[in-house]
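# Just a sequence and a predicted model for now, questions to come.
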Amino acid sequence: ETGVTQSPTHLIKTRGQQVTLRCSSQSGHNTVSWYQQALGQGPQFIFQYYREEENGRGNFPPRFSGLQFPNYSSELNVNALELDDSALYLCASSPWDRGAGANVLTFGAGSRLTVL
Amino acid sequence: DAKTTQPNSMESNEEEPVHLPCNHSTISGTDYIHWYRQLPSQGPEYVIHGLTSNVNNRMASLAIAEDRKSSTLILHRATLRDAAVYYCILSGANNLFFGTGTRLTVIP
């Protein structure tokens, strides 16, 4: 089975620009979550998508938005980039049919965003 | 969300067992205990999870205290490839809330 793939692996943007990150979920998984990991910190939950709708959101402003497509792939969009948005952005997929709390996530290797 | 407390770092000799502790005194009855690890330059990787009973899989064992306020991840024989940051996470929904984890160093 294929794992979670993310693109691009690295990118550099300047303050105020917009960025789109992409994620292909693992085969058989219908739920996608996005996480932000600042240097030296653990990943922080941004939001989750299930059936093409947002299903839960962490403490991130509206300029962080996402999409999920019918094939379960996903995009993370960040508008008006700030210096503090520099981080590793991780995508994780999972099946939905497990009991809440028991879901096992499969993570991609991440997209490293640098904002100058 | 319930919090977990882990030591910032631990060391182990290669081929020795490693016990990574985690305290979660505010755990609720429906919270699962998950362990993930993150190797350098990679995304987190699932290790093991459990609710009440001890669990074993090919990677590790999870020992859960009877009152569920603490747990221990056991790597039976540490290898150099086990050097990583290990995260203990409580999950009551479909999301995981990570702390800063324990950085495990394996000494050859």
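Here it is on my side, so go on.
# what residue lies at the spatial centre of chain A?
What sits nearest the mean C-alpha location of chain A, by C-alpha atoms, centre = their mean, is A:Trp34, with 2.6 Å.
# I'd say that residue and A:Ser74 touch.
Yes. Contact criterion C-beta atoms under 8 Å: A:Trp34 and A:Ser74 qualify, at 7.3 Å. Glycine gets a C-beta too; all of them are placed from N, C-alpha and C.
# and for the two, which residues touch both?
Jointly contacting A:Trp34 and A:Ser74 under the rule C-beta atoms under 8 Å, 6 or more residues apart in numbering or on different chains are A:23, A:66, A:91.
# how many other residues sit next to the last one?
The number of residues packed near A:Cys91 is 30, by other C-beta atoms under 10 Å in any protein chain shown.
# before we move on, what about B:Lys3?
The burial count for B:Lys3: 12, using other C-beta under 10 Å.
# Need the nearest residue in space to it, chain neighbours excluded.
B:Thr26 (6.4 Å; C-beta to C-beta, 6 or more residues apart in numbering or on different chains).
# Likewise for A:Ser74?
Nearest one to A:Ser74, counting by C-beta to C-beta, 6+ apart, is A:Val32 at 4.1 Å.
# what lines up beside the helix or strand harbouring the one you found in the sheet?
Following DSSP states H and E, one finds A:Val32 within strand A:31-37. Strand A:31-37 pairs in its sheet with strand A:44-50 (antiparallel), strand A:87-94 (antiparallel), by DSSP bridges.
# ok so, going back, where does the residue nearest to B:Lys3 sit: helix, strand or coil?
Under DSSP: H, G, I helix; E, B strand; the rest coil, the three-state class of B:Thr26 is coil.
# Distance check, it against chain A.
15 Å (C-beta to the nearest C-beta, to the nearest Å).
# State the mean pLDDT of stretch A:65-80.
Over the span of stretch A:65-80, the pLDDT mean works out to 96.
# and the end-to-end length of that stretch?
Length of stretch A:65-80, first residue to last, C-alpha to C-alpha, to the nearest Å: 12 Å.
# Please identify the buried residues of it?
Within stretch A:65-80, the residues that count as buried by 16 or more other C-beta atoms under 10 Å in any protein chain shown are A:65-66, A:68, A:72-76, A:78.
# Could you export the residues you listed as JSON lines, including secondary structure?
Listed next are these as JSON lines, based on three-state DSSP:
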{"residue": "A:Ser65", "secondary structure": "strand"}
{"residue": "A:Gly66", "secondary structure": "strand"}
{"residue": "A:Gln68", "secondary structure": "strand"}
{"residue": "A:Tyr72", "secondary structure": "coil"}
{"residue": "A:Ser73", "secondary structure": "coil"}
{"residue": "A:Ser74", "secondary structure": "strand"}
{"residue": "A:Glu75", "secondary structure": "strand"}
{"residue": "A:Leu76", "secondary structure": "strand"}
{"residue": "A:Val78", "secondary structure": "strand"}
